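>>> Just a sequence and a predicted model for now, questions to come.
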Number of protein chains: 2
Amino acid sequence: MVGLKNVQVTIVGLGLMGGSLAGALRERGACREVWGVARRGETIEEAMRRGFIDVGTCNLAEGVEQADLIVLATPVRTILELVPQVGALAPAGCLLMDLGSTKARIVGAMEALPPHLQAVGGHPMCGKEVSGLEAAEADLYQGATFVLTPLQRTSSEALTLARELVEAVGARPLLMDAERHDRLVAAVSHLPYLLSVGLVATTEEVAAEDELVWELAASGFRDTSRLAASDVTMMLDILLTNRAAVGETLSRFADQLNAIAHLLEADDEQTLKFKLQTSNLKVQRLKFK
Amino acid sequence: MVGLKNVQVTIVGLGLMGGSLAGALRERGACREVWGVARRGETIEEAMRRGFIDVGTCNLAEGVEQADLIVLATPVRTILELVPQVGALAPAGCLLMDLGSTKARIVGAMEALPPHLQAVGGHPMCGKEVSGLEAAEADLYQGATFVLTPLQRTSSEALTLARELVEAVGARPLLMDAERHDRLVAAVSHLPYLLSVGLVATTEEVAAEDELVWELAASGFRDTSRLAASDVTMMLDILLTNRAAVGETLSRFADQLNAIAHLLEADDEQTLKFKLQTSNLKVQRLKFK
């Protein structure tokens, strides 16, 4: 396998993540050519217009048949459907990777690929609650952690190429196994989303009794409810392909909230204060990229 | 009572909220003079340096004895201590208001003020997770909803002056009774804070088993955990003076989260999708100032 500079990258799915990746690769001249595959012709036209791709097509076979590196950038369950399809179409020696938000199921599907293909799972820890190509930007990946989940069968050459792609778009590769990734993102990504959904649902319940509640929602509510605006298809795929870890995390969170409710009910000011201070100090210390 | 233009306003507490209110009044020339009372001399000096106040003092009696309008801008339980103290010091005809984040307890304390004083509760629905005069800015109130909770004894003249102050700093007055306010902010303000605290606590629990979890925390986690950085003294006062409503809201939220957990466990995709879509549409429709 050759270095990134000489390869043709095909990105399947030109939404927020795929479109931004295409834009970043092309803007930085990181690879020989960027090809894009999308379901709708208008998406291809828009991606061409924004200079994100060299070649675009709505035909998957056409899009992948000359690729050296294929990146699947669709919701998780679409990736699960695409892996065997692409496996039947991709040329020998090609590296297949993806940007899916859960990894165990995808890596499982990749294990069944024909032996003449290479594969590695990927998940960039960046995004926005808005989706689609309109929201794409070439510097979305800049400074983000980009998880790579290699398979048993992943060659060191293939992993090197994947790392090269990650670094080319300004992200920092972080290797871990797929199950570990899924357990950890259940806490820092899927839980925050469900808290936002639960917050909005609870407030709707209150609003059914007193509409004025929305008038009192300010910046704190806005930030905490923002994730509920995430793309539903994407989030549903994530939750349903990470059910066990999400369930466990929800249960842990419920215990935490229950503990707070009890401290409040018992008027246990000292313990409650300690709990609030602990979270306060932790958040103050966190540095986000 | 005269219009705002002719009154001397004394603000007790020059933190984020009090400092910003002082700055807004003075920058807009909204009243005759702005006086500030703070515990520490350095705070007074800083408020003078930033042009937020005309006169400053660390002596409460000195600060309020010539005031026409006194605004208590400290954490809730400090306000509860200050109300009777200020009641004994303020000149006849003076209007006492406050910026406390819960209202029933404060309004209760105001009911006991001497009859020669006027009083009204207030709560501006704006702020930041950072506190202190350093974070204060004269346009903090711009566009915000500012709840006013009149007492039985509040005269219409006093209420007019309070409304004038609210509008002078660019906020929109919204009248309601104190209990109603407290029930509603439990949902849109106190609940989001506790969700942030619970999210950070849950993630710390996961981190105790796997430190790498923090590497995966991205913008979604950042926004949802931001409120956990709020001032602990302020939040503790809020929670402890609104225990019943917060407890009820926590229980409602727990039911919502529990329902989501069950849908996920039962693999009930259709109902889960509907729930996610409902919150998604609601958040998309919300317009924040």
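Ah, there it is.
>>> Give the burial count for residue A:114, as a bare number.
Residues lying near residue A:114 (other CB atoms under 10 Å in any protein chain shown) number 10. C-betas here are computed from N, CA, C, even on glycine.
>>> so who does the residue nearest to it when sequence neighbours are not counted touch?
Among residues not flanking residue A:114 along the chain, residue A:87 sits closest, at 5.7 Å (CB to CB, 6 or more residues apart in numbering or on different chains). Neighbour list for residue A:87: A:96, A:112-114, A:117 [criterion: CB atoms under 8 Å, 6 or more residues apart in numbering or on different chains].
>>> and residue A:87, that one's in a helix?
Yes. With DSSP: H, G, I helix; E, B strand; the rest coil as the criterion, residue A:87 is part of a helix.
>>> what about it, distance to residue A:105?
Residue A:87 sits 15 Å away from residue A:105, going by CB to CB, to the nearest Å.
>>> next one: residue A:203
The gap separating residue A:203 from residue A:105 is 33 Å, by CB to CB.
>>> The two: who's more crowded?
residue A:203 (28 against 21).
>>> on that earlier part again, which single one of the contacts of residue A:87 is nearest to residue B:9?
The nearest member of the contacts of residue A:87 to residue B:9, counting by CB to CB, is residue A:96 at 67.4 Å.
>>> In terms of pLDDT, where does that closest one sit?
On pLDDT, residue A:96 comes in at 98.
>>> which residue is nearest the centroid of chain A?
Central residue of chain A (CA atoms, centre = their mean): residue A:101, 3.9 Å from the mean position.
>>> which stretches of the stretch 51-200 of chain A form strands?
Under the criterion DSSP state E, counting those that start in this stretch, strands of the stretch 51-200 of chain A are mapped to A:55-57, A:69-72, A:95-98, A:118-124, A:145-150, A:172-175.
>>> Next, format those as JSON lines and append distance to residue A:164 and mean neighbour count.
Converted to JSON lines, the strands of the stretch 51-200 of chain A look like this (distance: least, CB to CB, whole Å; neighbours: other CB atoms under 10 Å in any protein chain shown):
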{"stretch": "strand A:55-57", "distance to residue A:164": "21", "mean neighbour count": "18"}
{"stretch": "strand A:69-72", "distance to residue A:164": "9", "mean neighbour count": "26"}
{"stretch": "strand A:95-98", "distance to residue A:164": "11", "mean neighbour count": "26"}
{"stretch": "strand A:118-124", "distance to residue A:164": "12", "mean neighbour count": "26"}
{"stretch": "strand A:145-150", "distance to residue A:164": "11", "mean neighbour count": "23"}
{"stretch": "strand A:172-175", "distance to residue A:164": "9", "mean neighbour count": "16"}
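>>> what would these look like in CSV with distance to chain B?
Formatted as CSV, those follow (distance: least, CB to the nearest CB, whole Å):
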stretch, distance to chain B
strand A:55-57, 29
strand A:69-72, 19
strand A:95-98, 17
strand A:118-124, 9
strand A:145-150, 5
strand A:172-175, 6
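>>> what is the rounded mean pLDDT of stretch A:124-144?
For stretch A:124-144, mean pLDDT is 92.
>>> Could you do stretch A:230-241 as well?
On average, the pLDDT along stretch A:230-241 is 96.
>>> Verify the contact between residue A:32 and residue A:7 for me.
Yes. Counting by CB atoms under 8 Å, residue A:7 is a contact partner of residue A:32 at 5.9 Å.
>>> what about those two, which has more around it?
residue A:7 (21 against 14).
>>> Give me the contacts around the worst-scoring helix or strand of chain A on mean pLDDT.
Here the helix or strand of chain A ranked lowest by mean pLDDT, DSSP states H and E is helix A:219-225, holding a mean of 93. Under the contact criterion CB under 8 Å, 6+ apart, helix A:219-225 has outside partners A:195-196, A:199-200, A:203, A:217, B:126-129, B:188-189, B:192-193, B:195-196, B:223-224, B:226-227, B:283, B:286, B:288.
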